[in-house]
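K.L.:
Sequence isn't available, so here's the structure alone:
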């Protein structure tokens, strides 16, 4: 019998959902999504595909711009997260929302109105579904996997029927992941419906019954897990229309500008984020690092810039060992760095264009006199040169940079970094959040740098960007490099599969090439 | 220079004008509330305020203006401590204790047998360093153990208070006058500018210090790093600065300045030139500085005019007592109401900045 055809078997139907954010970003463009009762449904897609937005709408956290939602057959307008909870829909977020100093039990019953479930009730529930967690220990002292179980239990004591998990395995060890999957299957036996948001193909293949793939705010398709394979899923996930192409002349790169050897770096959570990464970037090439965000790229880049300690391994800049050098010394050795977060890191928002034009250049004798006072007149000329050369729209050089548009802010950052006459440019998500014009401008600059014989390390979760700009591409997954490929000679399925956790050799074995 | 001035003028935008307007409103509200308090106490508010103004801002007799300025001397410096903290992203309220330590340093030097010319420079050196040390301790707590500076500086304020009390009673007591310590010997005293008043050269030193700190914050690499750190820890780190060390420097700089305020209260204020019982001639200077800094939008140069408010209220309080008969307790109440009202606009301005910073620090959206 086909469960999907009987309307009574549907836990949730979302129809023609459109979501436009206040800043004009279109996150969802008419999404149809169905959940059958008692299934584990994978929601697969790249960053920005709209997975989390769609589920935030279903859990009442966001209001759709357009579209209808049916829960158990009747139409609903979700007013809030607690409204969705009362209808039996609960979401466990990627960033857990527990009170650190409260115990497991206190967190689980926090906010329940009326009669709170007793400790006994919670213990019984834990036994039933196989999610064990200590109830009397402050949550901050527990490992992440256990905290997540508490968060799931918190939903279960509220009797949710539909449990949404947003990238639940991101911070879990392989063993914790296996345990989580076991519990999910038990919950399924108890008739719970589970949405599993992920970008990891293997995990989607392993635990789900059906999979819906989203791309750029649209549903690419819904397939039965038993009737699909990773190659097909990868193709659905990354299949792309080329937005624009860039003229790139062939170039013979030479010499190692940046070399990374067996690098290990820790994340803020104390887990290993980069696990033995090695690669080299040569003068006159763009080396791209692709991959879904959160797979260690941020930590890798911060380690190269000296903002994060290296646990093991070596970093060389033009044959100088910079592994333990201070950030400012790396800059003076010829490193330029465009960080991924321009609002928090690359600029001081309350400061003026002039002041920001020398951020990270305040060590340079061109801007500082012997008495350590800043030569503001030099800084002003410098800012003026950048603004003119890169065509940055500013009201005045004294306006705070927070008054600039995102594109102009980024141009200021890029202009400042290029003004250093660097040997190596590390560009992390250089076009994120920019409009088409600014994006194209910055991409062309990166190509020009390559043509001028500089080495560019480009880290981006925008696959189009990495594939069109780079001469070589490495794909990162869970802190490791799955393989290095020539983007002009590789199919997008191969890249997609590597992004989903298969090494290049495994992909070849599965016939993905 | 003229380009610089025109830039300054262009900065006097709508925002600054509206701030000025808010300050005027706040002052009116403060004086109105104070008037209610005076009337409630059974005194004449109009006579009280007339005496207040007449004995503080009266230009016909230089004595009154001199007194007002003499009261602004220490609070300019303690305001500077708070302002530097705010620029570094701190809520440093340790000026109070640093003033005590600075004064203690001056008295320590006063107790020594020295060549006469050495008293003053040594007092300034020792007192400032003791204040700086007090800032350093709070800074180290913050840097090493991430102790909130509000908590640590309040505690350090009390520790300084009792150290000074102990020193007053057991170490540097004045054998002839039990209620105070020994005084700074005359060679170590700063000359009086307006005869008969309490305005000494300390006012000029105070002004010069404000200008120097302004220069440090706006025109040196250290100041630049302090301001970047105050806006964004991540941006500071990215720029190659060490935000932890920079924060420490901001604490020490603040401590040095308030330490100097303590020294100047000993070397530059007749008739005592000493620390009196319960540090009564020092108590509250650090906290008044917070209000002054807030009124001056935590900008070193705006602190100079903002300090006049405190100076006026302090100088005029005697007039209110003597001429209008308002008792001291009520005068203090009125002062408090006016200062709080005046600080409200600056405080909300600062909260807005903090909110912006928090939102920058917030969790990235999925």
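P.N.:
Cool, the structure landed. Predicted model only: the values in this text are computed from it and were never measured. Numbering: from 1, shown residues only, chains lettered A, B, ... in the order given.
K.L.:
Can you tell me the SS state at whichever residue of the stretch 101-250 of chain B sits closest to chain A?
P.N.:
Nearest residue of the stretch 101-250 of chain B to chain A: residue B:240, at 3.1 Å (C-beta to the nearest C-beta). Every C-beta, even on glycine, is put in place using the N, C-alpha and C of the backbone. Assigned by DSSP: H, G, I helix; E, B strand; the rest coil, the conformation of residue B:240 is coil.
K.L.:
And for the one 5 residues further on?
P.N.:
Here residue B:245 takes the helix state, with states given by three-state DSSP.
K.L.:
what's the nearest residue to it if we skip its chain neighbours?
P.N.:
Leaving out its chain neighbours, the residue that sits closest to residue B:245 by C-beta to C-beta, 6 or more residues apart in numbering or on different chains is residue B:143, at 7.6 Å.
K.L.:
related to what we said a few turns ago, burial measure for the residue of the stretch 101-250 of chain B closest to chain A, as a count.
P.N.:
Other residues near residue B:240 come to 22 when the count uses other C-beta atoms under 10 Å in any protein chain shown.
K.L.:
List the residues that contact it.
P.N.:
Shown in contact with residue B:240 (C-beta atoms under 8 Å, 6 or more residues apart in numbering or on different chains): A:326-328, A:331, A:360, A:362-363.
K.L.:
quick revisit: would you confirm that the residue nearest to residue B:245 contacts residue B:246?
P.N.:
No - contact criterion C-beta atoms under 8 Å: residue B:143 and residue B:246 do not qualify, at 10.0 Å.
K.L.:
which of those two has more neighbours?
P.N.:
Under the criterion of other C-beta under 10 Å, the comparison of residue B:143 against residue B:246 puts residue B:246 first, with 23 against 17.
K.L.:
State the pLDDT value of the more buried one.
P.N.:
We have a pLDDT of 96 for residue B:246.
K.L.:
The residue nearest the centre of chain B: what's it in contact with?
P.N.:
In chain B, the residue lying closest to the centroid (C-alpha atoms, centre = their mean) is residue B:78, at 2.2 Å. Listed by C-beta under 8 Å, 6+ apart, the contact partners of residue B:78 are B:95-96, B:98-99, B:257-258, B:261, B:285-286, B:288-290, B:292.
K.L.:
Next, give me the two most distant ones among those.
P.N.:
Farthest pair in those (C-beta to C-beta) is B:98 and B:292. Separation: 15.4 Å.
K.L.:
Excluding covalently adjacent residues, which one is nearest to residue B:199?
P.N.:
Nearest in space to residue B:199, with sequence neighbours left out and distances taken as C-beta to C-beta, 6+ apart, is residue B:66 at 3.8 Å.
K.L.:
Buried residues, the helix or strand containing the one you found. List them.
P.N.:
Element membership of residue B:66, judged by DSSP states H and E, is helix B:62-87. For helix B:62-87, the neighbour count (16 or more other C-beta atoms under 10 Å in any protein chain shown) marks B:63-87 as buried.
K.L.:
Before we go further, residue A:476 is sitting in a strand, right?
P.N.:
Yes - under three-state DSSP, residue A:476 falls within a strand.
K.L.:
Just confirm it contacts residue A:294, I think it does.
P.N.:
No - if you go by C-beta under 8 Å, residue A:476 and residue A:294 don't touch, sitting 10.0 Å apart.
K.L.:
These two: who's more crowded?
P.N.:
Each of residue A:476 and residue A:294 has its neighbours counted (other C-beta under 10 Å); residue A:476 has more, 24 against 19.
K.L.:
ok, now how distant is the more buried one from residue A:455?
P.N.:
19 Å (C-beta to C-beta, to the nearest Å).
K.L.:
go on, residue A:198?
P.N.:
34 Å.
K.L.:
When these two are compared, which one has more neighbours?
P.N.:
Ranked by neighbour count (other C-beta under 10 Å), residue A:198 and residue A:455 place residue A:455 first, with 27 against 24.
K.L.:
Bridged to the more buried one, which residues?
P.N.:
residue A:424 (DSSP bridges).
K.L.:
pLDDT value on the residue sitting nearest the centre point of chain A, please?
P.N.:
In chain A, the centroid-proximal residue (C-alpha atoms, centre = their mean) is residue A:293; its distance is 2.8 Å. Looking at residue A:293, its pLDDT is 82.
K.L.:
Spatially nearest residue to residue B:276, not counting backbone neighbours?
P.N.:
Here the residue nearest residue B:276, using C-beta to C-beta, 6+ apart, is residue B:180, at 4.5 Å.
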